[in-house]
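Asker: Show me the folded form of this:
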Amino acid sequence: MMAAIKAGSLAQEVILVDKNPSLGKKLLLSGKGRCNLTNASDLDSFLKRFSKNGEFLRDAFKKFFNQELMDFFQERGLPLKVERQLRVFPVTDSSNSIVNTLEKELLKQNVKIKLNSKATDVLVENNQIKGLYLEEEEFIPCDKIILATGGVSYSFTGSTGEGLELAKKTGHNIVALRPGLVPLVVSEKYIKTLEGLTLKNIRLKFGAGRKEIISEVGELLFTSFGISGPLVLTLSAKIANWLADKKEVFADIDLKPGLTVEQLSARFLREFKTNAKKGIKNVMKSLLPIKLIDLFMELAKINPHKKANQVTQKERETLVTLLKGWRLNISGTRPIEEGMVTQGGVSLKNINPRTMESRIIKGLYFCGEMIDVDADTGGFNLQAAFSTGYLAGESAAL
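Answerer: The predicted model follows:
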């Protein structure tokens, strides 16, 4: 949409082709339906939030970055707000208002919109784009095509990889697709009993061989198959890469990141002395969510019917160790369809970062999630889509 708007604003004849019956199907889901359209961080901080290829986007961001995007919507009557972690949302808290603003602008720029139309092939002569084939043998003659068909995650929104197939067919390299921002699967069978439990103010450490990543303090959500929530999703792209390299991966959960082992040991001792005659399970209520108490008794091999004054020093130390580093073994990620974004895509070596034009076929441009860039949650991926779309639209039109 942004590519079509920009190209249309430069007095070009633009046709926007979408196989869906309406525009912005995936955009409507973003930010849990609220549309976290960008992040208000500065450029260098922004680029650091991309998993590996952020530098490629520097030219696109210099052309059209977060302030320009925010101005775009606010100048068209849609006020925005900045929330925690500098995430930007429309004041309406509805992604519908973002899509509506884009649709109005498409009409204003005289962009012709073709819905329910699936692209099947491109016509290339002498390494130059000459047209686009649609289903039922329909043909659109043109000298520029911008492919913006997304990755393969959330495939029910229409991003099922046709654009990547077209790119491949025209000689472009496709970097292997993997899920990004995706829940993780754990080996431990007991995880199912914790489904729905959210842990707040915890820290994660992921490890594989000599590699390790330590998260910020934040939230973790247990699912029927493993772990999810902001901390997990943010680091999941790196974990997916470790798993793809056949590494054994674990996650250590620190339930009390604000306390050292010594401080936590002292607190245990104090709690157990003060409540000497109380049952151990009762005393643990001040330290753990109820749902975890029985599990921790089992993991620490402590009789849950013991009184606090019967717990041995060794058992106390085991509990402290568990609270500071409860280990789960990561066996995989959920399928790519469940990832919020797709890692991989059209190789950046095949794309000119100053224009988004293919280095292989003249007049063919790429933008958005189908190129090999991906980032954390927080508005970074959508800004990359808007910026690369803007640059591709401008370059194609000029």
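Asker: pretty sure residue 103 is touching residue 28, no?
Answerer: No. Contact between residue 103 and residue 28 fails when scored by CB atoms under 8 Å: they sit 11.9 Å apart. Just so you know, the C-beta spots here come from the backbone N, C-alpha and C atoms, and that holds for glycine as well.
Asker: any idea how far the residue nearest to residue 338 when sequence neighbours are not counted is from residue 39?
Answerer: Using CB to CB, 6 or more residues apart in numbering and skipping the chain neighbours, the partner closest in space to residue 338 is residue 182 (5.9 Å). From residue 182 over to residue 39 the distance is 20 Å, taken as CB to CB, to the nearest Å.
Asker: neighbour count winner among these two?
Answerer: residue 182 (27 against 23; other CB atoms under 10 Å).
Asker: follow-up on the earlier one: quick check: the gap between the residue nearest to residue 338 and residue 241.
Answerer: 12 Å.
Asker: Name the SS class of the residue nearest to residue 338, please.
Answerer: coil (DSSP: H, G, I helix; E, B strand; the rest coil).
Asker: got a list of what it touches?
Answerer: By CB atoms under 8 Å, 6 or more residues apart in numbering, residue 182 lies in contact with 153, 233, 236, 240, 333, 334, 336, 338, 339, 340.
Asker: so how many other residues sit close to residue 99?
Answerer: 18.
Asker: Do you know the pLDDT at residue 254?
Answerer: pLDDT, residue 254: 97.
Asker: Wait, it touches residue 205, no?
Answerer: Yes. With contact defined as CB under 8 Å, residue 254 reaches residue 205; the gap is 7.1 Å.
Asker: So if I had to pick from those two, which one is more boxed in?
Answerer: Each of residue 254 and residue 205 has its neighbours counted (other CB under 10 Å); residue 254 has more, 19 against 15.
Asker: who's the more buried one bridged to?
Answerer: residue 203 (DSSP bridges).
Asker: how close does it sit to residue 228?
Answerer: From residue 254 to residue 228 the distance is 18 Å (CB to CB).
Asker: Likewise for residue 337?
Answerer: 15 Å.
Asker: now the strands: where do they sit in the stretch 151-300 of the chain?
Answerer: 174-180, 184-186, 198-208, 211-222, 226-228, 249-254 (DSSP state E, counting those that start in this stretch).
Asker: how about a markdown table for those strands, with distance to residue 116 added?
Answerer: Below are the strands of the stretch 151-300 of the chain laid out as a markdown table (distance: least, CB to CB, whole Å):
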| stretch | distance to residue 116 |
| --- | --- |
| strand 174-180 | 26 |
| strand 184-186 | 37 |
| strand 198-208 | 41 |
| strand 211-222 | 37 |
| strand 226-228 | 34 |
| strand 249-254 | 43 |
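Asker: Which element, helix or strand, includes residue 124?
Answerer: strand 119-125 (DSSP states H and E).
Asker: Mind listing what's buried along that strand?
Answerer: Going by neighbour count (16 or more other CB atoms under 10 Å), the buried part of strand 119-125 is 119, 122, 124.
Asker: From these, pick the one nearest residue 291.
Answerer: Proximity of the buried residues of strand 119-125 to residue 291 was ranked by CB to CB; the top entry is residue 119 with 49.4 Å.
Asker: quick one: the closest one from residue 361, how far?
Answerer: From residue 119 to residue 361 the distance is 15 Å (CB to CB).
Asker: how far away is the closest residue to residue 300 other than its chain neighbours from residue 268?
Answerer: Once flanking residues are discounted, residue 300 sits nearest to residue 318: 4.4 Å by CB to CB, 6+ apart. Residue 318 sits 11 Å away from residue 268, going by CB to CB.
Asker: repeat for residue 367
Answerer: 55 Å.
Asker: With residue 96 instead?
Answerer: Taken as CB to CB, the span from residue 96 to residue 268 is 51 Å.
Asker: ok, residue 323 touching residue 264?
Answerer: Yes. The criterion here is CB under 8 Å, and residue 323 meets it with residue 264 at 6.3 Å.
Asker: now the top helix by length along the chain against strand 174-180, angle please.
Answerer: Counting by DSSP state H, the longest helix found in the chain is helix 380-397. On the basis of axes from the mean of the first three to the mean of the last three CA atoms, to 10 degrees, helix 380-397 is oriented at 150 degrees to strand 174-180.
Asker: for residue 158, what are its contacts?
Answerer: 18, 19, 20, 25, 26, 150.
Asker: Tell me the pLDDT of the nearest residue to the third one once chain neighbours are set aside.
Answerer: Same thing as residue 20. Nearest non-adjacent residue to residue 20, counting by CB to CB, 6+ apart: residue 158, 4.7 Å away. Residue 158 carries a pLDDT value of 77.
Asker: doesn't residue 253 make contact with residue 325?
Answerer: Yes. With contact defined as CB under 8 Å, residue 325 reaches residue 253; the gap is 7.4 Å.
Asker: Between these two, point out the one with more neighbours.
Answerer: The neighbour comparison of residue 325 against residue 253 (other CB under 10 Å) goes to residue 253, with 21 against 15.
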